[in-house]
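1. okay, predicted coordinates and the sequence, questions at the end:
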Amino acid sequence: MNKDFRKSTVYQIYPKSFYDTNKDGLGDLRGVIEKLDYIKELGVDYIWLTPFFVSPQNDNGYDVEDYYNIDPRYGTMADVEELIDEAGKRGMGLMFDMVFNHVSTNHEWFKKAMQGDSYYKDFFYFRKGKPDGSAPTNWVSKFGGSAWEYVEKFDEYYLHLFDVTQADLNWENENVRREVQNIVKFWMNKGVKGFRFDVINLISKAGFEDDTDGDGRKFYTDGPKIHQYLKELNSMSFGKDPQIVTVGEMSSTTMENCYQYAGRDTGELSMVFNFHHLKVDFMGNEKWVLVPADFQKLKDIIFDWQVKMGEHNAWNAVFWCNHDQPRVVSRFGDEGKNWKESAKMLATIVHCLRGTPYVYQGEEIGMTNTDFTDIHQFRDVESLNNYQILLDKGMSASDALRIIQVHSRDNGRTPMQWDNTKYAGFTSEDSEVKPWIGVNSNHTKINAEDQLKDKDSIFHYYRKLIAMRKYLDVIAYGDIEPLDEKNSSVFAYRRIYEGHEMIVVANFYGKDFEWKHTPSLEGFEKLLGNYDETEITAEGSMILKPYEAVVYYR
Ligand code: TEU
Ligand code: CA
């Protein structure tokens, strides 16, 4: 299976919410196997599965207890092997999600550490508190509260950048690094074709000091030995097979570091995720506020990364959605009247960029945010912690709930909407057990079954975009040039490659817009769009309809 990741598209599956085959209310690996033909129909090349290893599931599997075994709630090793095999038969490779910044406190390494075994204590960051007994530093956990947990019997604290049950691994320790390499090699031997590395740019800590003007991230983000560690992991494991594709999840990273992480010849990773463009509805780094999305900032960030990563021969993963993000159609599009047009418009922007596009389950049918009206319907540890933090600050329950409704990671985690039956076809209608998280009631209107039948659906539009990248070199390899960057309605750019050009135009809003700066379209043909007719005035201005998107080629 020889693939060029620049022409490839990745489909992300959150197995817990994908398809439940044994009626226990939890999606499972057999569910993924059963839906392979559906995924194949989209035309994707890789399937990224979020973690299904043994785990107490405090963070839905990002708290790994055993990297070598499958959580029985998801299935068995035989299921994984069958899945790899069946996907391979359909020309798709599996990418596994490796969480190496931390392990679950149920992992045997941590348990041995807690028994006082010094070999394993050095797998983690155990540190004395300050002279007054308080935590070693003032760092804040990504899920709220202190990043340090006190252990009475050692009179020490251990570091957890995420939940208290996710203890950070000490990458300074070469035994830790060797264990990590072995895990990667184990899964390569099973036939896995790629890896996504969870928050991998947080593994090198600069030192343990108070952060006087922040939450501590500057001491552990893109840390001093990060490039050394990635080069080592590459050469000792996945780099031995040039066909393996890798993507690093980079939290609060800088572009200069990403030139290295994802450079063509730097020997680190194939590509990177960054999240700067998904903070345009935050207040700085503060997520738990309600702020309208800043369209200019969104374009500035995307174009800046597109152009500069290109100039430095480095490669982006491009995306709107994943299991940590609200649904893009609710966030930057329209859930109402122009639902379909806006979902297609947003897809057009991402799929014509320079980079490898990622489609997150349900995005291809325009799934929306949850319709939860009660905090008890939410499941995510980050949402529940932050709801409590907002209440503790004195916010009313209804205001706090509104913020959670908008920003919760659960927006991306409700069950995949397969059909219009009671549980959206995620689990059987006669199932005794309800899905682990509520199904969106709009599954009667938004579901895969209907969209497969309708040639004009969002699903079929994604299929065309994914196919276009394969046969048009300009999408995969071309340079990018932003068009009319400061326009407050239009998102537009040109791609250029060996005499071929593509122009991508999108009206980001729900109103008609006359684009006075329409570039010359002489010699171009329309390849794709979300309306049949595109109106152009005698003077050559496009009259863009609500959320209209068009792709031209010459
Ligand atoms: O996420 C890393 C991360 O920092 C954010 O995505 C975070 O969930 C959110 O933006 C905070 O507001 C990765 C995984 O994708 C996520 O599901 C895990 O919970 C996290 O790492 C810990 O492993
Ligand atoms: Ca199940």
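-> Yep, that arrived. Ligands and ions are numbered 1, 2, ... in the order given.
2. which stretches of the protein have low pLDDT?
-> Applying pLDDT under 70 to the chain flags the ranges 1.
3. which residues of it lie near ligand 2?
-> 20, 22, 24, 26, 28 (C-beta under 5 Å from the ion). Glycine gets a C-beta too; all of them are placed from N, C-alpha and C.
4. relative to R73, how far out is the closest residue to T254 other than its chain neighbours?
-> Among residues not flanking T254 along the chain, D222 sits closest, at 6.1 Å (C-beta to C-beta, 6 or more residues apart in numbering). Note on D222: its distance to R73, by C-beta to C-beta, to the nearest Å, is 35 Å.
5. now the helix or strand containing T348: how far from the chain's centre is it?
-> Assessed by DSSP states H and E, T348 sits inside helix 339-351. Taking C-alpha atoms, centre = their mean, to the nearest Å, one finds the center of helix 339-351 at 17 Å from the center of the full chain.
6. what do you get for stretch 8-19?
-> Distance, centroid of stretch 8-19 to centroid of chain: 10 Å (C-alpha atoms, centre = their mean).
7. that one: which residues count as buried?
-> Within stretch 8-19, the residues scored as buried using 16 or more other C-beta atoms under 10 Å are 8-19.
8. what is the end-to-end distance of that stretch?
-> The first residue of stretch 8-19 is 24 Å away from its last residue (C-alpha to C-alpha, to the nearest Å).
9. with stretch 53-60 instead?
-> 10 Å.
10. for the residue in the stretch 301-450 of the chain that ligand 2 sits nearest to, grab the count of nearby residues.
-> Proximity of the stretch 301-450 of the chain to ligand 2 (C-beta to the ion) peaks at T427, 7.4 Å away. Using other C-beta atoms under 10 Å, T427 has 28 neighbouring residues.
11. secondary structure element holding it?
-> Per DSSP H and E, there is no helix or strand for T427.
12. not counting sequence-adjacent ones, nearest residue to it?
-> D20 (4.0 Å).
13. touching, the one you found and D28? I think so.
-> Yes. The pair D20 and D28 qualifies as a contact (C-beta atoms under 8 Å) at a distance of 6.2 Å.
14. for H276, which non-adjacent residue is spatially closest?
-> Leaving aside its chain neighbours, H276 sits nearest to I301 (4.9 Å; criterion: C-beta to C-beta, 6+ apart).
15. er, Y259 I mean
-> That would be H312: by C-beta to C-beta, 6+ apart, it lies 4.2 Å from Y259.
16. cool, and H277?
-> Nearest one to H277, counting by C-beta to C-beta, 6+ apart, is I301 at 4.5 Å.
17. starting from S252, give me the distance back to Q57.
-> Distance from Q57 to S252, by C-beta to C-beta: 26 Å.
18. now do the contacts for the residue most central in space within the chain.
-> Centroid check for the chain by C-alpha atoms, centre = their mean gives N322 as the closest residue, at 3.5 Å. When contacts are counted by C-beta atoms under 8 Å, 6 or more residues apart in numbering, N322 touches 12, 273, 358, 360, 412.
19. go again with 10 Å.
-> 12, 14, 48, 50, 196, 249, 273, 275, 278, 358-361, 363, 409, 412 (C-beta atoms under 10 Å, 6 or more residues apart in numbering).
20. doesn't it fall inside a strand?
-> No. The assignment for N322, made by DSSP: H, G, I helix; E, B strand; the rest coil, is coil rather than a strand.
21. phi, psi for it please.
-> phi -160, psi -170 (degrees, to the nearest 10).
22. repeat that for I39.
-> phi -70, psi -40.
23. how many neighbours does it have?
-> I39 has 20 nearby residues by other C-beta under 10 Å.
24. find the nearest non-adjacent residue to it, please.
-> What sits nearest to I39 in space, not counting adjacent residues and going by C-beta to C-beta, 6+ apart, is Y11, at 5.5 Å.
25. I'd say that neighbour and L42 touch.
-> Yes. Taking contacts as C-beta atoms under 10 Å, Y11 lies within contact range of L42: 6.5 Å.
26. about what we covered before: in a markdown table, list the residues of the chain next to ligand 2 along with secondary structure, distance to L384 and neighbour count.
-> Putting these into a markdown table (DSSP: H, G, I helix; E, B strand; the rest coil; distance: C-beta to C-beta, whole Å; neighbours: other C-beta atoms under 10 Å) gives the following:
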| residue | secondary structure | distance to L384 | neighbour count |
| --- | --- | --- | --- |
| D20 | coil | 23 | 26 |
| N22 | coil | 27 | 15 |
| D24 | coil | 23 | 15 |
| L26 | coil | 19 | 22 |
| D28 | coil | 25 | 25 |
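27. pop out the phi and psi values for the residue lying closest to Y462 once chain neighbours are set aside.
-> For Y462, ignoring the flanking residues on the chain, the nearest one in space by C-beta to C-beta, 6+ apart is E364 at 4.4 Å. Backbone torsions of E364, given as degrees, to the nearest 10, read phi -70, psi -10.
28. E364 and L452: what is the separation?
-> 11 Å.
29. ok, these two, which is more surrounded?
-> Higher neighbour count among E364 and L452: E364, with 28 against 14, using other C-beta under 10 Å.
30. from ligand 1, how far out is the more buried one?
-> Distance, E364 to ligand 1, by C-beta to the nearest ligand atom, to the nearest Å: 20 Å.
31. likewise S235?
-> Taking C-beta to the nearest ligand atom, one finds S235 at 25 Å from ligand 1.
32. so that residue is in contact with G267, correct?
-> Yes. Using C-beta under 10 Å, S235 is in contact with G267, at 6.9 Å.
33. list the residues that contact the nearest residue to I244 once chain neighbours are set aside.
-> Counting by C-beta to C-beta, 6+ apart, F238 is the residue found nearest to I244 once chain neighbours are left out, at 4.3 Å. F238 is in contact with 98, 181, 184-185, 187-188, 192, 194-195, 197, 244-246, 269-270, counting by C-beta under 10 Å, 6+ apart.
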